[in-house]
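1. Turn this into a structure:
(one chain, ligands or ions: 1)
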Amino acid sequence: MKKVLITGALGQIGSELVLEMRKIYGDQNIVASSRSMEDNPKVIESGPFELVDVLEPKQIADAVSKHKVDTIIHLAAILSAVGEANPALAWKINVEGLFNALEIAREKNVAVFTPSSIAAFGPSTPKDNTPQDTLQRPNTMYGVTKVSGELLCDYYYEKFGVDTRGVRFPGLISYETLPGGGTTDYAVHIYYEALKTGKYTCYLKEDTYMDMMYMPDALQAIIQLAEADPSKLVHRNAFNVTAMSFSPKEINEEIRKHIPQFTIDYQVDPIRQKIADSWPNSLDDQAARTEWGWKPKYDLAAMTQDMLGKLRNKLN
Ligand code: AKB
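-> Numbers count the residues shown, from 1 in each chain. Next up, the predicted model:
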């Protein structure tokens with residue numbers, strides 16, 4: 001990767017990935033882009049920034065040509081809970097947006113990295129230690145778009161030789177930018193509320209297990225896979241990756257080790273509970289470990305310690 005265009009660069013992943021990649025590859029080599037200009041001077045002012053709506057292929061093409069981009073990291077997407085509330089929008093942004101990025105990549109001979117999700121699995125998928133290659137019949141629109149995206153990326157690689165790569169991310173936990181309407185968001189909000197109010201009302205049942213990952217590991221996964229030796233990649237577009245699996249009860253217990261007076265109660269949202277129940281409890285990410293050396297650094301204890309420290313500084 002020499003010149004990279006990142007779509008959705010002001011979102012939860014993008015706002016941190018841009019800064020991390022600018023440190024590694026140089027400020028001028030990482031072009032951040034977003035549909036609208038939001039208040040994020042760290043990203044907008046530290047290197048090139050373009051207004052790119054992924055539903056407008058010409059805007060993607062112009063940014064790629066102008067900056068002589070060789071890799072698109074396509075992050076612009078709608079998350080699961082928003083996708084269930086507005087399925088048509090989720091299909092448009094997640095599938096048409098990716099299709100546009102792939103078409104430009106084909107025409108201009110650039111590589112594409114895009115994340116899939118644990119949402120690409122469904123109720124009939126084996127729940128524990130979910131294999132890399134298994135049944136994928138998701139029953140959410142977000143999941144449908146993620147399976148479609150995995151297949152589209154495979155197709156562009158096999159049919160046109162576009163260098164497509166991707167991972168299935170679990171819930172991502174970070175302190176810079178809030179996630180925008182997913183089912184795993186509770187695991188971010190709980191840290192904010194623990195510090196701000198000392199209590200949190202969780203929208204999932206206390207024993208709901210899902211895979212999760214701290215943002216530094218997620219950034220590492222993207223960069224490591226994008227740089228991996230292509231001759232070693234068998235799966236390319238949809239590597240299971242995980243760092244931990246926990247329930248609301250367990251994250252609560254971990255936070256209480258640092259903030260003993262913290263309390264949690266539960267007010268279950270049936271829509272998000274149904275989504276969470278349709279996803280795996282824990283993934284098998286052996287293929288990523290073997291094919292490109294995936295190895296996360298943070299478990300629940302290490303993440304909680306770091307997250308509370310960083311958030312404390314941010315909120316003060
Ligand atoms: C969501 O909850 O929608 C996302 C995801 C797991 O893809 N965080």
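
2. Now do the same contact list for Y191.
-> Taking C-beta atoms under 8 Å, 6 or more residues apart in numbering as the contact definition, Y191 lies against I173, Y175, I255, T304, M307, L308, L311. In this view, the C-beta of every residue, glycine as well, is placed from N, C-alpha and C.

3. Sticking with it, tell me its helix or strand.
-> For Y191, the host element (DSSP states H and E) is helix 186-196.

4. and L225, how many neighbours?
-> The number of residues packed near L225 is 21, by other C-beta atoms under 10 Å.

5. still on that earlier bit, only the buried residues of the helix holding Y191, if you could.
-> Y186, A187, V188, I190, Y191, Y192, E193, A194, L195 (16 or more other C-beta atoms under 10 Å).

6. can you count the residues close to the residue lying closest to the third one once chain neighbours are set aside?
-> In space, not counting the residues next to it along the chain, V188 is nearest to I173; the distance is 5.4 Å by C-beta to C-beta, 6 or more residues apart in numbering. The criterion is other C-beta under 10 Å. On that basis, I173 has 28 neighbouring residues.

7. got it, and V82?
-> Residues near V82, counting by other C-beta under 10 Å, number 18.

8. Next up, the contacts around the nearest residue in space to it that is not next to it in sequence.
-> Leaving out its chain neighbours, the residue that sits closest to V82 by C-beta to C-beta, 6+ apart is G181, at 3.6 Å. Contact partners of G181, counting by C-beta under 8 Å, 6+ apart, are I78, L79, S80, A81, V82.

9. how close does the second one get to the ligand?
-> As defined by C-beta to the nearest ligand atom, to the nearest Å, L79 lies at a distance of 4 Å from the ligand.

10. Can you give me the pLDDT of that residue?
-> Listed pLDDT for L79 reads 97.

11. Surely it touches L172?
-> No. Between L79 and L172 there is no contact under C-beta atoms under 8 Å: 10.3 Å.

12. Tell me where this structure has strands.
-> Using DSSP state E, the strands of the chain run over residues 4-7, 30-34, 49-51, 71-74, 111-113, 116-117, 164-165, 167-169, 171-173, 199-202, 210-214, 239-240, 244-246, 263-266.

13. Would you mind saying which of those lies nearest the ligand?
-> strand 116-117 (3.2 Å; C-beta to the nearest ligand atom).

14. is the closest one anywhere near the ligand?
-> Yes. Contact of strand 116-117 with the ligand (C-beta under 6 Å from any ligand atom) involves S117.

15. Please list all residues in contact with whatever residue of the stretch 51-200 of the chain ends up closest to the ligand.
-> Going by C-beta to the nearest ligand atom, the ligand is nearest to G182 of the stretch 51-200 of the chain, at 2.6 Å. G182 makes contact with L79, S80, A81, V82, G171 under the criterion C-beta under 8 Å, 6+ apart.

16. Check the gap between the residue nearest to it when sequence neighbours are not counted and A119 for me.
-> By the measure of C-beta to C-beta, 6+ apart, the closest residue to G182 outside its immediate chain neighbours is L79, 3.7 Å from it. Distance, L79 to A119, using C-beta to C-beta, to the nearest Å: 9 Å.

17. what touches both of the two?
-> When contacts are counted by C-beta under 8 Å, 6+ apart, L79 and A119 are jointly contacted by Y142, T183.

18. quick one, which of the two is more surrounded?
-> Applying other C-beta under 10 Å to L79 and A119 shows that A119 carries more neighbours, namely 28 against 21.

19. Quick check, the more buried one in contact with T140.
-> Yes. At 6.2 Å, A119 and T140 qualify as touching, with contact defined as C-beta under 8 Å.

20. list residues touching both of those two?
-> Listed as contacting both A119 and T140 by C-beta under 8 Å, 6+ apart are S80, I275.

21. What values do phi and psi take at K205?
-> The phi and psi torsions at K205 (degrees, to the nearest 10) take the values phi -70, psi 150.

22. Count the residues that sit near the closest residue in space to it that isn't next to it in sequence.
-> Excluding its sequence neighbours, the residue lying closest to K205 (C-beta to C-beta, 6+ apart) is V268, at 5.7 Å. With neighbours defined by other C-beta under 10 Å, the count for V268 comes to 13.
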